[in-house]
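K.L.:
Pasting the sequence and the predicted coordinates here, then a few questions.
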Amino acid sequence: MITFFAAILLLIVSYFTYGKYVEKVFGMQEKRKTPAYTMADGLDYIPMGKQRNSLIQLLNIAGVGPIFGPIMGALYGPVAFLWIVLGAIFAGAVHDYLTGMISLRNRGAHLPELAGMFLGKAFKHVVNAFSLLLLILVGTVFVTAPAELLGDLTKGWMSVGVWVVVIFAYYILATLLPIDKIIGRLYPIFGLILLISAVGIGGALVFQGHTIPELTFANMHPDNMPIFPILFITIACGALSGFHATQSPIISRTTQNESQGRYIFYGMMIAEAIIAMIWAAAAMAIFNGASLNELLATVGPAGVVKEVSVTTMGAIFGTLAVLGVIVLPITSGDTAFRSARMIIADYIGLAQKKFSSRIWIAAPMFIISIILTQMDFNILWRYFAWANQTTAMIALWIGAMYLALQKKNYWIAAIPAAFITMTTFTFILNAQIGFRLSMNLSYIIAGIITAIIIVGFFIALRRKLEAHEKGTNPIILDDGLGKVS
């Protein structure tokens with residue numbers, strides 16, 4: 001129990017310490033006008049309050065990631081706690097803050113446009129395709145997961161298939177209508193359910209006397225799966241998630257003041273990490289590794305969620321906790337499709353004021369997603385997990401380049417970027433869904449690729465700075481008040 005409480009405390013303290021440092025490095029300016037005002041359009045650019053934006057951001061980024069991922073990561077034992085805490089503080093929250101604030105400084109631009117600006121024009125096209133792949137995978141995963149949970153709760157009168165239709169219908173409306181019409185109004189209700197769920201599970205663990213294991217570096221996975229890289233891919237949301245980089249620009253378009261950025265972006269990532277800690281601890285406390293592994297194989301993460309909820313809170317309150325879990329994927333799936341719509345519109349230069357313009361973009365996305373729902377969920381999740389962390393890698397390198405061009409401490413982004421680069425390449429080279437190489441060979445090749453990318457980063461930085469000095473390729477050196485050189 002000491003490890004659990006220490007981890008939660010460390011996460012909270014980090015918001016006031018390291019989070020404050022990251023904010024200082026970036027150079028927040030309260031007097032600078034945000035895109036919510038300078039580009040107001042009544043659809044995507046709408047000023048909204050800090051608490052409202054924060055709640056939307058938390059629900060956007062959470063999904064089932066900080067629940068399903070930590071439950072599967074619990075198979076490794078308490079070493080998973082380390083990745084959640086250190087990953088969230090030094091990688092995930094930095095990732096979220098930088099992507100949100102850099103987007104805010106650039107008219108609410110999405111990740112592909114930022115990649116083109118700071119990593120090169122070719123990256124814009126690559127990241128655009130990759131981001132859309134990730135978002136459609138996320139949207140699909142976040143249809144099937146809540147539909148299965150709802151179908152289990154409503155056996156006898158509503159099937160999983162019916163819930164899939166209902167959830168898709170909601171996603172279509174949330175994608176097409178102005179952000180303050182559905183998302184802005186429903187999220188406070190969803191947020192209340194989420195908080196009841198998380199607090200209920202966490203409180204039950206403490207007051208019912210469940211034994212949460214203390215920190216050990218031992219690998220407790222029943223199948224002896226390697227901690228590196230698989231644990232760092234399995235637990236994404238709650239530690240570091242590239243999906244967040246696709247969501248933060250949504251809120252960068254509704255943020256009223258730069259001073260709210262740390263609370264909205266860094267703070268909500270810390271909140272998500274606390275949720276991840278609670279569910280990882282619950283899985284470890286209630287099941288041993290072997291029984292958890294068996295349960296995951298038979299009923300999947302959704303079944304484990306139900307078992308944990310009912311065990312700790314009883315039938316009635318356990319059902320409320322399950323509803324809280326259902327809220328998370330639904331409130332990420334809707335904004336996944338909304339973000340994809342915005343990215344495509346920005347990429348092809350199609351204004352979104354007309355409803356018909358939104359339909360032309362959204363319809364093909366939903367058709368593809370409906371087809372993908374026929375795939376095996378576990379396979380879909382593995383591809384999502386890898387695509388997710390690869391997107392985080394790209395976003396962190398963008399953050400590092402932005403800070404380097406500003407001549408600020410870019411290591412706060414470059415170090416986690418290098419780590420997750422090594423992680424994602426090792427995973428895809430070794431995984432069954434990838435190249436199926438031996439682990440030792442995967443380490444070597446991934447190390448070489450990571451070294452090449454690091455060298456490439458510094459070469460690109462030097463060229464950009466030299467071109468800027470010659471005046472042939474000006475770069476934005478922002479003084480924080482909108483003046484550039």
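P.N.:
Received, thanks.
K.L.:
Quick check: buried residues in the one helix or strand in the chain whose mean pLDDT sits lowest?
P.N.:
Every helix and strand of the chain was ranked by mean pLDDT, DSSP states H and E. The lowest is helix 183-207, at a mean of 81. Neighbour-count burial for helix 183-207 flags 183-184, 186-187, 190-191, 193-194, 197-198, 200-202, 204-205 (criterion: 16 or more other Cβ atoms under 10 Å). To be clear about C-beta, it is placed using only N, CA and C from the backbone, and glycine gets the same treatment.
K.L.:
where's Ile189 relative to Ile330, distance?
P.N.:
From Ile189 across to Ile330, the span is 12 Å (Cβ to Cβ, to the nearest Å).
K.L.:
Send me the helix or strand where Ala418 lies as CSV with only the CA atoms.
P.N.:
Per DSSP states H and E: Ala418 is located in helix 411-430. Only the C-alpha atoms of helix 411-430 are listed here, as CSV (Å, rounded to 0.1, in the frame of the first residue of the first chain):
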residue,chain,number,x,y,z
TRP,A,411,16.0,17.8,-23.7
ILE,A,412,12.7,17.6,-21.7
ALA,A,413,11.2,16.3,-25.0
ALA,A,414,14.2,14.8,-26.7
ILE,A,415,15.1,12.3,-24.0
PRO,A,416,11.6,10.7,-23.8
ALA,A,417,11.4,10.9,-27.6
ALA,A,418,14.6,8.9,-27.9
PHE,A,419,13.3,6.3,-25.4
ILE,A,420,10.0,5.8,-27.0
THR,A,421,11.7,5.6,-30.4
MET,A,422,13.8,2.7,-29.2
THR,A,423,10.7,1.1,-27.7
THR,A,424,8.4,1.3,-30.7
PHE,A,425,11.0,0.0,-33.2
THR,A,426,12.0,-2.8,-30.9
PHE,A,427,8.4,-3.9,-30.5
ILE,A,428,7.4,-3.8,-34.2
LEU,A,429,10.6,-5.6,-35.2
ASN,A,430,10.0,-8.4,-32.7
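K.L.:
what's the spacing between whichever helix or strand comes after that helix and its chain's center?
P.N.:
Sequence-wise, the next helix or strand downstream of helix 411-430 (DSSP H and E) is helix 439-470. In terms of Cα atoms, centre = their mean, to the nearest Å, the centre of helix 439-470 is set 25 Å apart from its chain centre.
K.L.:
Now do helix 439-470, average pLDDT.
P.N.:
What helix 439-470 shows for mean pLDDT is 93.
K.L.:
angle of it against helix 411-430?
P.N.:
Interaxial angle, helix 439-470 versus helix 411-430 (axes from the mean of the first three to the mean of the last three Cα atoms, to 10 degrees): 140 degrees.
K.L.:
helices and strands around helix 439-470, which ones?
P.N.:
On a contact count with 3 or more Cβ pairs under 8 Å, 6 or more residues apart in numbering; DSSP states H and E, helix 439-470 meets helix 377-405, helix 411-430.
K.L.:
in this structure, which spans are strands?
P.N.:
For the chain, applying DSSP state E gives no strands.
K.L.:
what residue ranges in it are flagged as low confidence?
P.N.:
Regions of the chain meeting the criterion pLDDT under 70 cover residues 63, 377-378, 380-381, 471-485.
K.L.:
For the stretch 1-150 of the chain, which segments count as helices?
P.N.:
2-16, 18-26, 35-38, 50-62, 65-73, 79-87, 93-105, 111-118, 121-153 (DSSP state H, counting those that start in this stretch).
K.L.:
Export these as JSON lines, with columns for mean neighbour count and distance to Met365.
P.N.:
Putting the helices of the stretch 1-150 of the chain into JSON lines (neighbours: other Cβ atoms under 10 Å; distance: least, Cβ to Cβ, whole Å) gives the following:
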{"stretch": "helix 2-16", "mean neighbour count": "16", "distance to Met365": "35"}
{"stretch": "helix 18-26", "mean neighbour count": "19", "distance to Met365": "33"}
{"stretch": "helix 35-38", "mean neighbour count": "18", "distance to Met365": "24"}
{"stretch": "helix 50-62", "mean neighbour count": "24", "distance to Met365": "17"}
{"stretch": "helix 65-73", "mean neighbour count": "29", "distance to Met365": "21"}
{"stretch": "helix 79-87", "mean neighbour count": "23", "distance to Met365": "30"}
{"stretch": "helix 93-105", "mean neighbour count": "28", "distance to Met365": "21"}
{"stretch": "helix 111-118", "mean neighbour count": "24", "distance to Met365": "15"}
{"stretch": "helix 121-153", "mean neighbour count": "21", "distance to Met365": "6"}
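K.L.:
a markdown table please, covering the ones you listed and showing distance to His221.
P.N.:
Formatted as a markdown table, the helices of the stretch 1-150 of the chain follow (distance: least, Cβ to Cβ, whole Å):
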| stretch | distance to His221 |
| --- | --- |
| helix 2-16 | 18 |
| helix 18-26 | 30 |
| helix 35-38 | 45 |
| helix 50-62 | 25 |
| helix 65-73 | 10 |
| helix 79-87 | 10 |
| helix 93-105 | 26 |
| helix 111-118 | 33 |
| helix 121-153 | 23 |
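K.L.:
and of those, who's closest to Gly261?
P.N.:
Nearest to Gly261, of all the helices of the stretch 1-150 of the chain, is helix 93-105, at 5.0 Å by Cβ to Cβ.
K.L.:
Using CSV, list the CA coordinates for the closest one.
P.N.:
This file holds the C-alpha atoms of helix 93-105, laid out as CSV (Å, rounded to 0.1, in the frame of the first residue of the first chain):
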residue,chain,number,x,y,z
ALA,A,93,2.4,15.1,-19.4
VAL,A,94,5.3,16.8,-21.3
HIS,A,95,4.0,15.4,-24.5
ASP,A,96,0.4,16.6,-23.9
TYR,A,97,1.5,20.1,-22.7
LEU,A,98,3.8,20.7,-25.6
THR,A,99,1.5,19.4,-28.3
GLY,A,100,-1.4,21.4,-26.9
MET,A,101,0.5,24.6,-26.5
ILE,A,102,2.5,24.4,-29.8
SER,A,103,-0.9,23.9,-31.5
LEU,A,104,-2.3,26.8,-29.6
ARG,A,105,0.6,29.0,-30.8
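K.L.:
helices or strands up against that helix?
P.N.:
Using 3+ Cβ pairs under 8 Å, 6+ apart, helix 93-105 is in contact with helix 18-26, helix 111-118, helix 243-252, helix 261, helix 267-286, helix 377-405, helix 411-430.
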